[in-house]
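Chemist: model this:
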Amino acid sequence: MIDYRQSGVDVEEGYRAVDNYKSSAKRTMVPGVLNGLGSFAGMFEVPAGYREPVMVSGTDGVGTKLDIAFALKKYDTVGIDCVAMCVNDVLCHGAKPLFFLDYLACGKLEADVAGALVKGVADGCVQAGAALMGGETAEMPGFYDEGKYDIAGFTVGIAEKSKIIDGSKIREGDVLVGLESSGVHSNGFSLVRKLVSDYAEPFNGKPIGETLLEPTRIYVKPVLALLEKMDVHGMVHITGGGFYENIPRMYPTGGIHGGESGERLVSRIKKGSWPVPAIFGELVRRGANPERMYHTYNMGIGFILAVAKEDADGAVSFLNGLGFPAHKIGTVARGTEDVVFD
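Modeler: Have a look, this model is predicted:
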């Protein structure tokens, strides 16, 4: 006779992992949570004060950046990446993240490793002001290699319908304000892993793996605070696809504004208007195509806002004052190419 544990699934280890999760999730509780971790579903009360509340959702994962965490046995930051990839996306429409759920899958569950991964998720939720409402841990022996985990997440935010940011207010002459990234964030790591084989190799005074594992910056709190101060016409999270793929998504219908001439509203970006982290130059030195870097990576800008020209200096000053370095990196113009570098 054979039991579940002999098939490769350790239920007792799962119980221990859940105990670890509960202590992490407790730190994230915010008003609106109606039940704790461990029920069949999380319940969240729609906050008061909205006349026409719209729920805004997003889901994403960490991708192959996880391989670096496994190699360095450092598991407590990639959960922040998972949260950031989701909450920064819903933020683009002016939504405040309310809660987050995660999904963790592995070949053999180790409660301490899983607990560290979820601690990172909780850290990200605290940064975003969202509650960690629950999730799922799947132990799948024979499907995932032992020692390997995958993590994905899902967030729900809320916005007043009349205040949703969809790019429709963007006008020619608007200024593009860029918020600095913390590094590579969570995109382009399939290429990174081809270029970097020894994560212990020194780079700028520490192992290069530590630089690569720097978690994705979460922009929720400073941007929501800015929205209370001024009108923002459009926002974009610079993720996979870099500048060229993501910036056009800030405009209605992906940037196509029509016109018989084929011209439309486009983004003109001024290179040199912000500091590019050294890690991107290092990737080029190791063989990355320099002409494709802005097609793949954030190059030091993780989030962009389009604001009226007269508001640009105030936006930059306000964001810098909150500890989120910001720069005027370009303008909205008319043209035939979605993104143009000057």
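
Chemist: what sits against the nearest residue to A152 once chain neighbours are set aside?
Modeler: Nearest residue to A152, sequence neighbours excluded (C-beta to C-beta, 6 or more residues apart in numbering): G61, at 3.8 Å. For every residue, glycine as well, the C-beta is placed using N, CA and C. Counting by C-beta atoms under 8 Å, 6 or more residues apart in numbering, G61 touches 82, 85, 150-153.

Chemist: a strand runs through H233, doesn't it?
Modeler: Yes: the assignment for H233 by DSSP: H, G, I helix; E, B strand; the rest coil puts it in a strand.

Chemist: give the contact list for it.
Modeler: 165, 167, 169-171, 174, 306-308.

Chemist: Show me which of those residues are buried.
Modeler: Listed as buried from those are 165, 167, 170, 174, 306-308; burial here means 16 or more other C-beta atoms under 10 Å.

Chemist: which ones are touching the residue most central in space within the chain?
Modeler: Computing the C-alpha centroid of the chain and ranking residues by C-alpha atoms, centre = their mean puts M85 first, at 2.3 Å. Applying C-beta under 8 Å, 6+ apart, we find M85 in contact with 60-62, 153, 186, 216, 239.

Chemist: Go again with 6 Å.
Modeler: With contact taken as C-beta atoms under 6 Å, 6 or more residues apart in numbering, M85 is in contact with 60, 186.

Chemist: Distance of it relative to R193?
Modeler: 18 Å (C-beta to C-beta, to the nearest Å).

Chemist: picking up where we left off before, from the contacts of G61, which would you call buried?
Modeler: By 16+ other C-beta under 10 Å, those give 82, 85, 151-153 as buried.

Chemist: Using CSV, please lay out these together with distance to F203 and secondary structure.
Modeler: Shown next, in CSV, are the buried ones among the contacts of G61 (distance: C-beta to C-beta, whole Å; DSSP: H, G, I helix; E, B strand; the rest coil):
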residue, distance to F203, secondary structure
C82, 25, helix
M85, 24, helix
I151, 25, strand
A152, 29, strand
G153, 29, strand
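
Chemist: Could you dump these into TSV and include pLDDT and distance to P252?
Modeler: Formatted as TSV, the buried ones among the contacts of G61 follow (pLDDT from 0 to 100; distance: C-beta to C-beta, whole Å):
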residue	pLDDT	distance to P252
C82	98	29
M85	98	24
I151	97	33
A152	98	29
G153	97	28
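
Chemist: Next, give me the two most distant ones among those.
Modeler: Farthest apart among the buried ones among the contacts of G61 by C-beta to C-beta are M85 and I151. That separation is 10.6 Å.
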